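Chemist: sequence and predicted structure, then a few things I'm wondering about:
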Amino acid sequence: MTLIFAHRGSAGTHPENTMSAFKEAARVGADGIETDVQLSKDGEVVIIHDEKLDRTTNASGYVKDRTLKELKTLNASATHKGNFGKEKIPTLEELFIWLTDNQLFCNIELKNTVFLYPGLEEKVIRLIRTYGMEERIILSSFNHYSLVNCHRLAPELETAPLYRDGLYMPWIYAKAIGGSAIHPNIRAAPDALIQSSVSMGVPVRPYTINEETEMKRLFKLGCSGIITDFPEAAVRIREEL
Ligand code: G3P
Ligand code: CA
């Protein structure tokens, strides 16, 4: 069965990367969530997509220039069009505490391409081990050097390179860097690639799958997983097939 991962929580309907978005993913029956992590000025692992605060909060400037205490005063739903109350920027630890109450998988994207965030991999891995999340976590990143480092630090964890454009035989590439799955942009995920990767034992989970026709194509192909802003629709479409 194709697993459904709620992108940034359930970004199509809820303020992205907030606890209400994650709870929505659980409510609608998603199999997992996808989320993004960076480091605060004082080295806390926080959940937010952009390096800057401007697009999703009521502040501006870089995440890395604010302490956790400062980040916690901000409203992470400030720019969302829906009718949501104030949402705080979650820490990864807060997410893990919530995950202990359910069985969701969690795809953590390390946002370390613009800033390298020294120690990010170690801190994320320490939290995964502290909360016993090893079997439920997939680490991904566009920074494939970082994934190599994750594999070196924690070979028991699943890692999956993210990529936007064509990659020659990505299932071989993934294994060569210690990865166990691939997370291509939908543009780089034609039928043949999905079938080859799955048959080679390398799960493939394309992003961001928001169109019904794409969902149906991937479900019928036996794709390993999809990452979608609309997990409720995806669950319904999967059930109807
Ligand atoms: O993990 C898939 C997807 O989240 C990668 O792109 O920019 O939405 O983080 P982005
Ligand atoms: Ca992401």
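Modeler: Happy to help now that I have it. Residues are numbered from 1 along each chain as shown. Ligands and ions are numbered 1, 2, ... in the order given.

Chemist: verify the contact between residue 34 and residue 8 for me.
Modeler: Yes: with contacts counted by C-beta atoms under 8 Å, residue 34 reaches residue 8, the gap being 6.5 Å. Any C-beta I mention is one placed from the backbone N, CA and C, and that applies to glycine too.

Chemist: SS state for the residue minimising distance to the centre of the chain?
Modeler: The chain has residue 34 as the residue nearest its centroid, 2.6 Å off, counting by C-alpha atoms, centre = their mean. With DSSP: H, G, I helix; E, B strand; the rest coil as the basis, residue 34 sits in strand.

Chemist: contacting residues around the nearest residue to residue 96 once chain neighbours are set aside?
Modeler: Nearest-residue entry for residue 96: residue 131, 4.2 Å, with adjacent residues in sequence omitted and distances by C-beta to C-beta, 6 or more residues apart in numbering. By C-beta atoms under 8 Å, 6 or more residues apart in numbering, residue 131 lies in contact with 93, 96-97, 99-100.

Chemist: buried subset of those residues as a PyMOL selection?
Modeler: Buried residues within these, by 16 or more other C-beta atoms under 10 Å, are selected in PyMOL with:
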select buried, resi 96+99
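
Chemist: okay if I get the contacts of residue 131 as JSON lines plus secondary structure, pLDDT and distance to ligand 2?
Modeler: JSON lines is the format used below for the contacts of residue 131 (DSSP: H, G, I helix; E, B strand; the rest coil; pLDDT from 0 to 100; distance: C-beta to the ion, whole Å):
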{"residue": "93", "secondary structure": "helix", "pLDDT": "98", "distance to ligand 2": "19"}
{"residue": "96", "secondary structure": "helix", "pLDDT": "98", "distance to ligand 2": "17"}
{"residue": "97", "secondary structure": "helix", "pLDDT": "98", "distance to ligand 2": "21"}
{"residue": "99", "secondary structure": "helix", "pLDDT": "98", "distance to ligand 2": "17"}
{"residue": "100", "secondary structure": "coil", "pLDDT": "97", "distance to ligand 2": "22"}
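
Chemist: and the contacts of residue 131, which is closest to residue 194?
Modeler: Top of the list for closeness to residue 194, among these and by C-beta to C-beta, is residue 99 at 27.9 Å.

Chemist: for that closest one, which non-adjacent residue is spatially closest?
Modeler: The nearest residue in space to residue 99 (C-beta to C-beta, 6+ apart) is residue 106, at 6.1 Å.

Chemist: is it true that the one you found lies in a strand?
Modeler: Yes: assessed with three-state DSSP, residue 106 lies in a strand.

Chemist: help me confirm that it comes into contact with residue 133.
Modeler: Yes: between residue 106 and residue 133 there is a contact at 6.9 Å, judged by C-beta under 8 Å.

Chemist: list the beta-bridge partners for the closest residue to residue 136 other than its chain neighbours.
Modeler: Closest residue in space to residue 136, ignoring its immediate chain neighbours: residue 105 at 5.1 Å, by C-beta to C-beta, 6+ apart. Using DSSP bridges, the bridge partners assigned to residue 105 are residue 32.
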